[in-house]
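Novice: following is a predicted model, sequence given first.
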Amino acid sequence: MTPDGIGQIVLYAAVLVALAWPLGRYMAWVYTRKGDDVVERGFFRLLGHGSGEEQGWKRYALTVLVFSAAFSAVLYAILRLQGHLPLNPDHMSAVPSPLALNTEASFITNTNWQYYAGETTMSYLSQMAGLAVQNFVSAAVGMAVLAAVVRGLAMRSGSNLGNFWRDLYRSLVYVLLPLSIIVAVVLVSQGVPQTFHAHATATTLQGAHQTIARGPVASQIAIKQLGTNGGGYYNSNSAVPLENPTGLSNFVEMIAILLIPVAQVFMFGRMVKARRHAWMVFAAMFALFVIGIGVNLAAEQHASPVLRDSGVNLAAAHGQSGGNLADKEVRFGIAGTTTWTVATSDASNGSVNGGFDANTAAGGAVPLVNLFVGEVIFGGVGTGLIGMFFYILIAVFVAGLMVGRTPEWLGKKIEAREIKFAALGALFVPTMVLVMTAVAIAAPAGLASAINPGAHGFTETLYAYTSQANNNGSAFAGYGATTFSESLGAVAMYLGRFVPMLAGLALAGSLARKKIVPVSAGTFRTDGPTFAVLLVGVIALTAGLMILPALSLGPIVESLIH
């Protein structure tokens, strides 16, 4: 660890919190303000009579599902027909059906898992009208659902959680669009391409000709990071200099990854009028974030035994960060790649500026464990904080068992119904990951997708389904695209997105109907350090329950291979 690297990480954390706190205040105003603006009223008139009415959790959930299904069909059609559509100067052909199915599932669910190279597969129209639009819409859906859930938690008694169309509109127009314009302008100023011209041809120093992919890149990268989407315009994502050319662009993109998820913690505190509680939730998330950075940074700086024994100079020096620089950008060094690795796996972002597959064993375990906890260390826009609510309920339930009282949260009794929703939301995805990984290593078609043999191939398989089920989208590489992996991955992404989301809405609908109970001497306080420590412990325990069964699958892999 170098002083320069530690300074970069501290600066990043300070700027992130300094920007997220006022953004959280602003977002609380966005979702609680009374009245609609002129464009908003026109939007409701366009949707038809009754579209602006308040919705209970079931109607809200149904609207989310129908809306997402409609966009799934549109995106699939764009990908399959792109060879016949405009804005295709490089004459990209239609995306094959299994790949189109996986890709539309990926972008509808805010996962952005990519079994394709964007610069050689997608036309400009597919990138802009298909993928970039979904980057906005899928993020806005998550933000809208979170607003509805928080509204239910704050409600004194009632049944309506708001209106999906209003929350969607406000997420897009008041939050995502303004921030994306700002970030895109910064990226263009740093040299990120934004053009409709076809790929450029350059002559190298040796006289050879090289094709350089370009297009409307900056606008897509801005929302890819802000919406915790993560899908790169280029195959190598933000490790490509055209996506991420300078130290400033790297810093801005890293800030964008966690900006809205962190802001939503502060938004939650203001909306439920429990700011000290929100700070404790933030403290638990931030502690896990710091632990991840510490482990990954130390492991990558120390490097692996093989690399140390090879005679390579691993010492840090002026202009050289030292350590394990395999698959890392020397422009950003160990600290810049570590911060990105932890941030992108804490959120459901999945973008990268280096290769996870070349990390040391301990360093590579960090993003995998971050996914095991269920993208709740800040998490994706909207869905991350909803996932944290499940853990909070489990934590207060455990505290209630210890003191022999009915657990309470935000002044409301937590009973069997709420715990069932919390258990479903917290445990469904880990269970599904284990089942899908077992199927993938037992079925011949699944083994055909694992390019690398042995334990490392198993890790790549486990990471693939953990990433897709948690709507993250990052990969360990080495897990190839087959009809089996594309189809099973699409199922993982859809179930991983909508089952926890519906559980969150159902939980909010149940709590919304409950009246506030007065605080007593026996009430377990959730606005102090004890609660933050308990919450971290519950999250760590749940991750452990995921890790142990996953490790037990290792011998099965070896027996199948041999």
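Specialist: Perfect, thanks for sending it. Remember, it's a predicted structure, so these values are computed and weren't measured experimentally.

Novice: wait, residue 292 sits on residue 346?
Specialist: Yes. Counting by Cβ atoms under 8 Å, residue 346 is a contact partner of residue 292 at 6.8 Å. Every C-beta, even on glycine, is put in place using the N, C-alpha and C of the backbone.

Novice: name the element residue 137 belongs to?
Specialist: According to DSSP states H and E, residue 137 maps onto helix 133-154.

Novice: for the spatially most central residue of the chain, what are its contacts?
Specialist: The residue lying closest to the centre of the chain (Cα atoms, centre = their mean) is residue 348, at 1.0 Å. Contact analysis of residue 348 by Cβ atoms under 8 Å, 6 or more residues apart in numbering lists 110-111, 228, 230, 375, 379-380, 383-384, 470-473.

Novice: format those as JSON lines; extra columns: secondary structure.
Specialist: As requested, the contacts of residue 348 are exported to JSON lines (DSSP: H, G, I helix; E, B strand; the rest coil):
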{"residue": "110", "secondary structure": "coil"}
{"residue": "111", "secondary structure": "coil"}
{"residue": "228", "secondary structure": "coil"}
{"residue": "230", "secondary structure": "coil"}
{"residue": "375", "secondary structure": "coil"}
{"residue": "379", "secondary structure": "coil"}
{"residue": "380", "secondary structure": "coil"}
{"residue": "383", "secondary structure": "helix"}
{"residue": "384", "secondary structure": "helix"}
{"residue": "470", "secondary structure": "coil"}
{"residue": "471", "secondary structure": "coil"}
{"residue": "472", "secondary structure": "coil"}
{"residue": "473", "secondary structure": "coil"}
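
Novice: now these in TSV, with neighbour count, pLDDT and distance to residue 257?
Specialist: As requested, the contacts of residue 348 are exported to TSV (neighbours: other Cβ atoms under 10 Å; pLDDT from 0 to 100; distance: Cβ to Cβ, whole Å):
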residue	neighbour count	pLDDT	distance to residue 257
110	31	94	13
111	34	93	15
228	38	94	7
230	30	90	8
375	30	81	12
379	30	91	11
380	36	91	10
383	32	90	15
384	29	92	12
470	34	93	15
471	34	93	14
472	32	93	12
473	30	90	12
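
Novice: which of these sits closest to residue 189?
Specialist: residue 230 (22.6 Å; Cβ to Cβ).

Novice: my guess is that closest one contacts residue 343. True?
Specialist: No. Under the criterion of Cβ under 8 Å, residue 230 makes no contact with residue 343, lying 10.8 Å away.

Novice: circling back to that earlier point, mind listing what's buried along the next helix or strand after the helix holding residue 137?
Specialist: Where DSSP H and E defines the elements, the next helix or strand beyond helix 133-154 is strand 160-162. By neighbour count with 16 or more other Cβ atoms under 10 Å, strand 160-162 contains the buried residues 160, 161, 162.

Novice: in its sheet, what does strand 160-162 sit against?
Specialist: Here strand 160-162 is paired, per DSSP bridges, with strand 55-56 (antiparallel).

Novice: contacting residues around the strand it pairs with?
Specialist: 63, 159, 160, 161, 162, 163, 164, 509.

Novice: and that strand, how far from the chain's centre?
Specialist: With Cα atoms, centre = their mean, to the nearest Å as the basis, the distance from the averaged C-alpha position of strand 55-56 to the chain average is 27 Å.

Novice: which secondary structure element of this protein has the lowest mean pLDDT?
Specialist: Lowest by mean pLDDT, DSSP states H and E among the helices and strands of the chain is helix 554-561, with a mean of 52.

Novice: mind listing what's buried along the helix or strand hosting residue 23?
Specialist: Assigned by DSSP H and E, residue 23 belongs to helix 3-32. Buried residues in helix 3-32, defined by neighbour count with 16+ other Cβ under 10 Å: 5, 8-9, 12-13, 16, 19-20, 23-24, 27-28, 30-31.

Novice: can you pull out the strands in this structure?
Specialist: Under the criterion DSSP state E, the chain contains strands at 55-56, 160-162, 200-203, 209-212, 408-409, 412-413.

Novice: and those: which comes nearest residue 478?
Specialist: strand 209-212 (26.5 Å).

Novice: which strands and helices sit next to the closest one?
Specialist: strand 200-203 (3 or more Cβ pairs under 8 Å, 6 or more residues apart in numbering; DSSP states H and E).

Novice: pull the distance from the strand it packs on to the chain's centre.
Specialist: That offset, for strand 200-203, works out to 36 Å (Cα atoms, centre = their mean).

Novice: mind listing what that strand pairs with, with the direction of each?
Specialist: strand 209-212 (antiparallel).

Novice: need the overlap of contacts for residue 230 and residue 343.
Specialist: With Cβ under 8 Å, 6+ apart, residue 230 and residue 343 have common neighbours residue 349.
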